[in-house]
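S.K.: Prediction below, plus the sequence it came from.
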Amino acid sequence: FLDQKKRIKESGGKNILGIKLFDDEKLEKLLSSSLARDNLINQIKEVVKEDNFDGVNLDFEFQNDPLAILDKEFGLFVDELRLEDVGEISVDVFANTVIKGDNQRLKILVDKIDFLVVMAYDFHRPGVDYVGPVAPIGSDIGERNIMEVVEAYLKGDLDKSRLIMAYPLYGYEWKTETTEFESKIKRGWYQMASWNRVKELIKEKNLTTSWDELSMSPWLAFEEEGEIHQIYFENERSLEVKLDLVRQNQFAGFGFWALGYEGEDKNVWSL
């Protein structure tokens, strides 16, 4: 890591310290206590200074309420962190934070930070009743999609130069009842399907990839040991559409979850 960190710096890149917390109760305790906030901020400041980081990314994920990150308690924490000169500050949010959040509270948060990172993935995830695209551009009425994020952000007249769209280098594999698109799942089994693993699987089993025009996502179905499997994933075609959204709207940039899922395949970086 230290060697990679050095190379990134030498090539003009930035090294950002990521701080994550995914527990609602702990988040509420942290943000409601000035002592707890001071404790964390002092520790962040020390690590940033000693290890020469260029900024901090806050990945605070409230599991029960995607809008809780817009509350004034989190804003106060960001304000206090900003005073400590820790470099650039970015904040990760769910797609629903932008889709469902009111413009005023979103603008307050965006204006406090350098970058808002929207996690534009997991629209379908483990626990759903019916399989589907992990990062759909469009969807049937009543289901969320990436275009809703883009339209809500633009409608809110928020700073486009601060928006980073984070896209998946993975999908999910489920056992399903049929081979039809968005089939009902068989509960009790699923697994993550990385960009690299799907490519290897397609080659190994000589699988045919299908394409859904509405979500602009690839998917495939196959049988194994008497069970139907479906995988919804990303490939060069679907990723190019997502990158074009960023370019056309002049957003700050894009990110991926997660580095390494592409394996030795260079096509992601060629795009």
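M.R.: Perfect, thanks for sending it.
S.K.: How many neighbouring residues does Ser215 have?
M.R.: 26 (other C-beta atoms under 10 Å). Quick note: C-beta positions are derived from backbone N, CA and C, even for glycine.
S.K.: actually Gln4, sorry about that
M.R.: The local packing of Gln4 (other C-beta under 10 Å) involves 9 other residues.
S.K.: Which helix or strand contains it?
M.R.: For Gln4, the host element (DSSP states H and E) is helix 2-10.
S.K.: Show me how far that helix is from its chain's centre.
M.R.: With C-alpha atoms, centre = their mean, to the nearest Å as the basis, helix 2-10 stands 24 Å off its chain's centre.
S.K.: as a whole number, average confidence for that helix?
M.R.: Average pLDDT, helix 2-10: 95.
S.K.: Show me which positions of whatever helix or strand comes next after that helix end up buried.
M.R.: Toward the C-terminal end, the helix or strand that comes next after helix 2-10 (DSSP H and E) is strand 16-21. For strand 16-21, a neighbour-count test (16 or more other C-beta atoms under 10 Å) marks 16-17 as buried.
S.K.: Check stretch 32-44 too.
M.R.: Buried residues in stretch 32-44 (16+ other C-beta under 10 Å): 37, 40-41, 44.
S.K.: What of stretch 167-174?
M.R.: Quick answer for stretch 167-174 (16+ other C-beta under 10 Å): 167-174.
S.K.: Turn those residues into JSON lines, columns for pLDDT, secondary structure and distance to Glu88.
M.R.: Converted to JSON lines, those look like this (pLDDT from 0 to 100; DSSP: H, G, I helix; E, B strand; the rest coil; distance: C-beta to C-beta, whole Å):
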{"residue": "Tyr167", "pLDDT": "98", "secondary structure": "strand", "distance to Glu88": "21"}
{"residue": "Pro168", "pLDDT": "98", "secondary structure": "strand", "distance to Glu88": "24"}
{"residue": "Leu169", "pLDDT": "98", "secondary structure": "coil", "distance to Glu88": "24"}
{"residue": "Tyr170", "pLDDT": "98", "secondary structure": "strand", "distance to Glu88": "27"}
{"residue": "Gly171", "pLDDT": "98", "secondary structure": "strand", "distance to Glu88": "31"}
{"residue": "Tyr172", "pLDDT": "98", "secondary structure": "strand", "distance to Glu88": "32"}
{"residue": "Glu173", "pLDDT": "98", "secondary structure": "strand", "distance to Glu88": "36"}
{"residue": "Trp174", "pLDDT": "98", "secondary structure": "strand", "distance to Glu88": "38"}
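S.K.: of all those, which comes closest to Ser215?
M.R.: For the buried residues of stretch 167-174, the residue nearest Ser215 by C-beta to C-beta is Gly171; the value is 11.8 Å.
S.K.: got a list of what that closest one touches?
M.R.: Gly171 makes contact with 134, 192-193, 198, 231-234, according to C-beta atoms under 8 Å, 6 or more residues apart in numbering.
S.K.: residue contacts, Asn249?
M.R.: Contacts for Asn249 (C-beta under 8 Å, 6+ apart) come out as 150, 154, 160.
S.K.: the helices in the stretch 101-250 of the chain, which residues?
M.R.: Assigned by DSSP state H, counting those that start in this stretch, the stretch 101-250 of the chain shows helices spanning 103-112, 146-155, 195-205, 236-249.
S.K.: for those helices, which one sits closest to Asn267?
M.R.: Among the helices of the stretch 101-250 of the chain, the nearest to Asn267 by C-beta to C-beta is helix 236-249 (5.5 Å).
S.K.: Alright, that wraps it up for me.
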